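1. The sequence and its predicted three-dimensional model are supplied below.
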Amino acid sequence: METAPGPRMNATFVTLARNSDVWEVARSIRQVEDRFNKRYHYDWVFLNDKPFDDEFKKVTSSLISGKTHYGIIPEEHWSFPDHIDLDKAKAVREDMAKKKIIYGDSISYRHMCRFESGFFYRQELMLNYDYYWRVEPSVEYFCDIHYDPFRFMHENNKKYSFVLSLYEYAETIPTLWDSTKKFMREHPEHIVEDNSMKFLSDDGGETYNKCHFWSNFEVGSLNWLRSKAYGDFFETLDQDGGFFYERWGDAPVHSIAAGLLLKKDEVHFFNDIAYYHVPFTHCPTGEETRQELRCHCNPKNNFDWKGYSCTSRYFDLNNLDKPDGWEKQT
Ligand SMILES: Nc1nc2c(ncn2[C@@H]2O[C@H](COP(=O)(O)OP(=O)(O)OP(=O)(O)O)[C@@H](O)[C@H]2O)c(=O)[nH]1
Ligand SMILES: [Mg+2]
């Protein structure tokens, strides 16, 4: 396959994974390569709280057409910070287990969410790059990607992007919005005027409507995440302890940050990047697009215009016209 002409951005794919995820990671890589990267050869950074084994490195590096890098996460980015009361955190996990809240009893899931919220972009290997594209195990890419999304982000001054959005489980974030309001009070200088508050709140910021961009897919600016504004936001949340006293996910954290710290036109929706992470599909609306991009997703499965998606709100807030044919997919 021919290498695409044109400039390359200073950008990388990034995957957080365990050694045992190797075959699910391989499936994801294969699709990213076939649909895009075999013509662009971007690098790929792998991060793990334990050292990657030889099998993981061999399998992944043989599939990737760019350079591969393997990093170990420092202990202080994957452990309980000193200010956390371990007994209180344990009681929460036991309570959430009883209530059968998904991953509610898991310690490692909480470290993962905190890491993805506040540390992945400052790992040593990531400091070399300006943009990232997050890839998880077992995801699917259903259409060809005919242009460079990193370059699109750069040339259009986009800082964050998504393909799927939905409502968060309320039980995992009871006080996340309280901490957010505290941050807004303490740091009014970081709240951007033309922001996306309307995506996050139906009452002008009093309460959170739970809408968030699904963060298992993201193409975004690392320099934005490394900014003082984002850093102050993460620090406020981390001090309040909700990563451990509740089960805050990195998706609502990134989304609230993107909604308040970025101008609304710095957040982009990629209609033409078709994607699946269990249990939701983004299949591009518009038959012509799907044919041109040789898509193999069933348009009936497209989640965008269904009742539990927040993507309509994003379109309304930005005064965007929905793609032709969206009414048939509600
Ligand atoms: N190194 C490492 N990676 C992890 C750990 N837990 C999760 N991950 C990775 O973190 C990302 C998110 O974890 P997932 O288990 O996919 O969480 P999820 O997407 O909310 O839930 P699923 O529906 O199970 O996919 C994936 O890339 C995982 O491989 C862990 O304990 N160690
Ligand atoms: Mg996942």
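-> In hand now; what should we look at? Ligands and ions are numbered 1, 2, ... in the order given.
2. contacts, neighbours, all on C-alpha from now
-> Will do.
3. tell me the phi and psi of Y132?
-> The phi/psi pair for Y132 (degrees, to the nearest 10) reads phi -130, psi 160.
4. Can you show me the helices along the stretch 51-200 of the chain?
-> Using DSSP state H, counting those that start in this stretch, the helices of the stretch 51-200 of the chain run over residues 54-63, 86-98, 107-118, 149-155, 176-186, 197-200.
5. winner for burial among those helices?
-> Highest mean neighbour count among the helices of the stretch 51-200 of the chain (mean count of other CA atoms under 10 Å): helix 197-200, with a mean of 23.
6. The stretch 101-250 of the chain against ligand 1: which residues are in contact?
-> Counting by CA under 6 Å from any ligand atom, the residues of the stretch 101-250 of the chain close to ligand 1 are S108, Y109, M112, E136, P137.
7. Quick check: R294 is in a helix.
-> No. In this structure, R294 is coil, not part of a helix, as judged by DSSP: H, G, I helix; E, B strand; the rest coil.
8. where's the closest residue to it other than its chain neighbours relative to ligand 1, distance?
-> Excluding the flanking residues, the one nearest R294 by CA to CA, 6 or more residues apart in numbering is C143, at 5.6 Å. Separation of C143 from ligand 1 (CA to the nearest ligand atom, to the nearest Å): 21 Å.
9. how many other residues sit next to C143?
-> For C143, the neighbour count with other CA atoms under 10 Å is 26.
10. Same check on L320?
-> The number of residues packed around L320, counting by other CA under 10 Å, is 10.
11. what's the answer for F52, then?
-> Residues lying near F52 (other CA under 10 Å) number 19.
12. wait, what's in contact with the nearest residue to it once chain neighbours are set aside?
-> Using CA to CA, 6+ apart and skipping the chain neighbours, the partner closest in space to F52 is N19 (6.0 Å). Residues near N19 by CA atoms under 8 Å, 6 or more residues apart in numbering: F52, D53, F56.
13. try 10 Å this time
-> Neighbouring residues of N19 by CA atoms under 10 Å, 6 or more residues apart in numbering: V25, N48, K50, P51, F52, D53, D54, E55, F56, K57.
14. Break down the stretch 101-250 of the chain into its strands, ranges please.
-> Assigned strands in the stretch 101-250 of the chain, in chain order: 131-134, 140-141, 160-162, 165-167, 211-213, 218-221 (criterion: DSSP state E, counting those that start in this stretch).
15. Residues touching the shortest one, excluding its own?
-> It refers to strand 140-141. Residues contacting strand 140-141 (CA under 10 Å, 6+ apart): 27-36, 273-278, 281-283, 295-297.
16. and with 6 Å instead?
-> Identification of contacts with strand 140-141 by CA atoms under 6 Å, 6 or more residues apart in numbering yields Q31, A274, Y275, Y276.
17. any idea which of the contacts of N19 is the one closest to ligand 1?
-> Among those, N48 lies closest to ligand 1 (CA to the nearest ligand atom), at 3.7 Å.
18. That closest one is in contact with I72, isn't it?
-> Yes. Assessed by CA atoms under 6 Å, N48 is found in contact with I72 at 5.3 Å.
19. higher neighbour count, the two?
-> N48 (18 against 15).
20. dump the residue contacts of that one.
-> Residues near N48 by CA under 6 Å, 6+ apart: L16, A17, I72, I73.
21. what's the closest of the residues you listed to ligand 1?
-> A17 (3.6 Å).
22. and that closest one, how many residues sit next to it?
-> Count around A17 with other CA under 10 Å applied: 21.
23. what about stretch 206-220, how long is it end to end?
-> End-to-end distance of stretch 206-220: 28 Å, with CA to CA, to the nearest Å as the criterion.
24. Touching that stretch from outside, list them.
-> Here stretch 206-220 makes contact (CA under 6 Å, 6+ apart) with 131-134, 159-162, 164-168, 200-201, 251-252, 255, 310.
25. Distance check, A251 against ligand 1.
-> A251 sits 9 Å away from ligand 1, going by CA to the nearest ligand atom.
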